[in-house]
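A.B. asks: Got a predicted structure here, sequence first:
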2 protein chains.
Amino acid sequence: MSEARPFKSQSLKSACSNCSVLELCLPLGLTGLEIERLDTLIVQRFKVKKGAALYRAGDPLRSLYAVRIGSFKTSMLSIDGREQVTGFQIPGEMLGLDAISTDLHTCNAVALEDSEVCPVHFAQLEKLAQELPSLQHNLNKLLSREIVRDHDMLMMLGNMNSDERLAAFLLNLSQRLNERGYSSSSFVLKMRREEIGSYLGLRLETICRGIAHLRDLGLVEINGRDVNIQNMDGLKQLILGCHRQFS
Amino acid sequence: MSEARPFKSQSLKSACSNCSVLELCLPLGLTGLEIERLDTLIVQRFKVKKGAALYRAGDPLRSLYAVRIGSFKTSMLSIDGREQVTGFQIPGEMLGLDAISTDLHTCNAVALEDSEVCPVHFAQLEKLAQELPSLQHNLNKLLSREIVRDHDMLMMLGNMNSDERLAAFLLNLSQRLNERGYSSSSFVLKMRREEIGSYLGLRLETICRGIAHLRDLGLVEINGRDVNIQNMDGLKQLILGCHRQFS
DNA sequence: CGTGTGTTTGATGAATTTCAAAGCAGGTGG
DNA sequence: CCACCTGCTTTGAAATTCATCAAACACACG
């Protein structure tokens, strides 16, 4: 397995070639040594073609996945065939945390574009975490953060109308992209209107109309999937009343 | 109402020492020795009066809490003063998991009736978990299970109409009560209509009407806060289309 | 150049919210 | 013990938001 480090690991941050787990853990403050140990968990990163599933509901949990390049959606399917999108993941974010509960994945993870992930073998991660308390602590935090995110989502669905939800969605995406080093005001939506709608508890037509409204207000410029936020504060104003800006 | 019988009959498990952490961990299979060690974490259980806050958003995370007697709601407050309920907790369930993320509680936990909780000092829990791998594993699962629960909630809010949401809510509560040794068909709602509504993303009036509908269908008998499920299968039928029965 | 997938816009209708008012229950003080 | 609050629930009617249905458009791709 240690053979399976196809790329040299130059230890610290940006140099790290084969492992976006760094991005996952660094903000939480692991030491260099710990990161090196972590790197040994990454057998190999691999690609997922647009539209392909990284895993499906019911699959046994083997690995968690850190998105390295591209983006994913997670979704659940209801019996009548309708899809409920539960989240979108961009580079540096983690997939599969919900599977820890039952050792089975509870949702599908599908690539929204040609993507690349780093699998983190979960059993090995747990074992390593035993030796590295701060890693365990970070894993706990990671899981908890996901809970907080979901609560924010619940808050949004409970309190906001369609335009506010859309604004919150755009702001949230903007912020997350920014955290990962991308532009916060100019980005491309990798998902369809229908998927945004599912995520926000709305129909795709409502998303379209919402976009039109925000455009009419001069807050954003959206052409197809190209987004340009023109008045960030105005957008935030719209969703004020939500205690956090849907972090 | 009477505080000794929070939801109906006496719990089977409440005989156990002073620690409802047992109930938290037992279903996940800890050994007796591990449980003994766990017990040492419980400094003392204490009471929370109806309407009092166990903790508030912004409070530092000191302990997680296992509900021992009674019930709680967790909620977030928006600037304009509206409350978003994010969950209800009954005996044997855990409070505070979301705080691990930032070491600050992100929501308020308020007792719906005179209640009693077991605080579990979190730093000590983490330390003990270091020594007991299976405890750590269980903690991971606990966190993950919360994520799954939230996802189910998102699914519900995205796909169900008001009557279906109400049915799902009642079934969910019924099932959880049953798991804890209470009756699954006959119980008392400890929360107001408004709180149910907030939780389900609906107005209190809509909850009332939903109750009337379910009653007209002969599925439940609800007088004030007393619930009697008369046709469990019928209720489940209503929400079919949701891939799990909103576990 | 047609085909298919995704997006936009309009018109209509249904579900839910909002506003309003009355009813009920429990608790308190007279 | 009763009467009266107060907070919660129920029901009705009107208003609003969003979903649905339908059609046209845009764009990429073979």
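C.D. replies: Received the coordinates, thanks.
A.B. asks: near DNA strand C, anything from the helix or strand harbouring residue A:149?
C.D. replies: Assigning secondary structure by DSSP states H and E places residue A:149 in helix A:133-159. No: Helix A:133-159 stays clear of DNA strand C (CB under 7 Å from any atom of the strand), getting no nearer than 8.8 Å. The way it works is simple: take the backbone N, C-alpha and C, and place the C-beta from them, glycine included.
A.B. asks: After that helix, heading C-terminal, what element do we hit next?
C.D. replies: helix A:162-179.
A.B. asks: Distance from the chain centre to that next one, please.
C.D. replies: Chain-centre distance of helix A:162-179: 13 Å, with CA atoms, centre = their mean, to the nearest Å.
A.B. asks: same question, stretch A:211-219
C.D. replies: Using CA atoms, centre = their mean, the offset of stretch A:211-219 from its chain centre is 26 Å.
A.B. asks: same check, this time on stretch A:134-148
C.D. replies: With CA atoms, centre = their mean as the basis, stretch A:134-148 stands 15 Å off its chain's centre.
A.B. asks: what does stretch A:204-215 give?
C.D. replies: 23 Å.
A.B. asks: Let me see the backbone angles for the most centrally placed residue in chain A.
C.D. replies: Nearest to the mean C-alpha position of chain A, by CA atoms, centre = their mean, lies residue A:89 at 2.3 Å. Main-chain torsions, residue A:89, degrees, to the nearest 10: phi -120, psi 130.
A.B. asks: That one bridge partners, please.
C.D. replies: Beta bridges link residue A:89 to residue A:72 when assigned by DSSP bridges.
A.B. asks: Model confidence score at it, please.
C.D. replies: Looking at residue A:89, its pLDDT is 97.
A.B. asks: residues contacting it?
C.D. replies: Each residue near residue A:89 by CB atoms under 8 Å, 6 or more residues apart in numbering or on different chains is listed here: A:67, A:71-74, A:95, A:109.
A.B. asks: Likewise for residue A:203?
C.D. replies: residue A:197.
A.B. asks: if we can go back for a sec, just checking the helix holding residue A:149 against chain B, any contact.
C.D. replies: Yes: Helix A:133-159 comes into contact with chain B (CB under 8 Å from any CB of the partner chain), by way of A:133, A:136-137, A:139-141, A:143-148, A:150-151, A:153-155, A:157-159.
A.B. asks: PyMOL command to pick out the buried ones of these?
C.D. replies: Provided next is the PyMOL selection string for whichever of the residues of helix A:133-159 next to chain B are buried by 16 or more other CB atoms under 10 Å in any protein chain shown:
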select buried, chain A and resi 136+137+139+140+141+143+144+145+146+147+148+150+151+153+154+155+157+158+159
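A.B. asks: Do you have the strands of chain A handy? List them.
C.D. replies: Counting by DSSP state E, chain A has strands at residues A:46-48, A:53-55, A:63-69, A:72-77, A:83-89, A:94-95, A:108-111, A:115-121, A:186-188, A:220-223, A:226-229.
A.B. asks: With distance to residue B:53 added, can I get these in TSV?
C.D. replies: Output for the strands of chain A, formatted as TSV (distance: least, CB to CB, whole Å):
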stretch	distance to residue B:53
strand A:46-48	45
strand A:53-55	40
strand A:63-69	35
strand A:72-77	34
strand A:83-89	30
strand A:94-95	32
strand A:108-111	38
strand A:115-121	38
strand A:186-188	40
strand A:220-223	39
strand A:226-229	38
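A.B. asks: and DNA strand D, which of those strands is closest to it?
C.D. replies: strand A:220-223 (7.5 Å; CB to the nearest atom of the strand).
A.B. asks: low-scoring pLDDT stretches of chain A, where are they?
C.D. replies: Within chain A, the ranges that satisfy pLDDT under 70 run A:1-30, A:43, A:79, A:241-247.
A.B. asks: and with 90 instead?
C.D. replies: Scanning chain A with the threshold set as pLDDT under 90 gives A:1-45, A:77-82, A:128-135, A:180, A:239-247.
A.B. asks: Got the domain ranges for it?
C.D. replies: The record assigns chain A these domain ranges, following automatic domain parsing: A:13-150, A:160-238.
A.B. asks: would you list those in CSV and tack on distance to DNA strand D?
C.D. replies: Formatted as CSV, the domains of chain A follow (distance: least, CB to the nearest atom of the strand, whole Å):
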stretch, distance to DNA strand D
domain A:13-150, 10
domain A:160-238, 3
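A.B. asks: Nearest to residue B:217, out of these?
C.D. replies: Comparing the domains of chain A by their distance to residue B:217 (CB to CB), the top pick is domain A:13-150, with 20.3 Å.
A.B. asks: hmm, back to that, between the contacts of residue A:89, which is nearest residue A:212?
C.D. replies: Looking across the contacts of residue A:89 and measuring by CB to CB, the closest to residue A:212 is residue A:73, at 23.7 Å.
A.B. asks: residues contacting that closest one?
C.D. replies: Counted by CB under 8 Å, 6+ apart, residue A:73 has contacts A:85, A:87-89, A:109-110, A:112, A:191, A:195, A:199.
A.B. asks: now residue A:31
C.D. replies: Residue A:31 neighbours (CB under 8 Å, 6+ apart): residue A:134.
A.B. asks: Kindly report the same for residue A:144.
C.D. replies: B:97-101, B:143.
A.B. asks: of the contacts of residue A:89, closest to DNA strand C?
C.D. replies: residue A:73 (12.3 Å).
A.B. asks: From chain B, how far off is that closest one?
C.D. replies: Distance of residue A:73 to chain B, computed by CB to the nearest CB, to the nearest Å: 13 Å.
A.B. asks: wait, doesn't residue A:103 sit right on residue A:59?
C.D. replies: No: between residue A:103 and residue A:59 there is no contact under CB atoms under 8 Å: 10.1 Å.
A.B. asks: ok, these two, which is more surrounded?
C.D. replies: Using other CB atoms under 10 Å in any protein chain shown, the more surrounded residue of residue A:103 and residue A:59 is residue A:59, with 16 against 13.
A.B. asks: how close does that one get to residue A:124?
C.D. replies: Here the distance between residue A:59 and residue A:124 works out to 18 Å (CB to CB, to the nearest Å).
A.B. asks: coming back round to it: ok, of the contacts of residue A:89, which one's closest to residue B:239?
C.D. replies: Of all those, residue A:74 has the smallest distance to residue B:239: 21.8 Å, by CB to CB.
A.B. asks: What residues does the closest one make contact with?
C.D. replies: Residue A:74 is in contact with A:85-89, A:95, A:107-110, counting by CB under 8 Å, 6+ apart.
A.B. asks: And residue A:41, by the same measure?
C.D. replies: Contacts for residue A:41 (CB under 8 Å, 6+ apart) come out as A:21, A:120-121, A:124-125, A:128.
A.B. asks: closest to residue A:219 among those residues?
C.D. replies: The closest of those, once distances to residue A:219 are taken by CB to CB, is residue A:21, at 36.3 Å.
A.B. asks: need the contacts of residue A:73 in a markdown table with distance to DNA strand C, can you?
C.D. replies: Formatted as a markdown table, the contacts of residue A:73 follow (distance: CB to the nearest atom of the strand, whole Å):
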| residue | distance to DNA strand C |
| --- | --- |
| A:85 | 13 |
| A:87 | 18 |
| A:88 | 14 |
| A:89 | 18 |
| A:109 | 17 |
| A:110 | 12 |
| A:112 | 10 |
| A:191 | 7 |
| A:195 | 8 |
| A:199 | 13 |
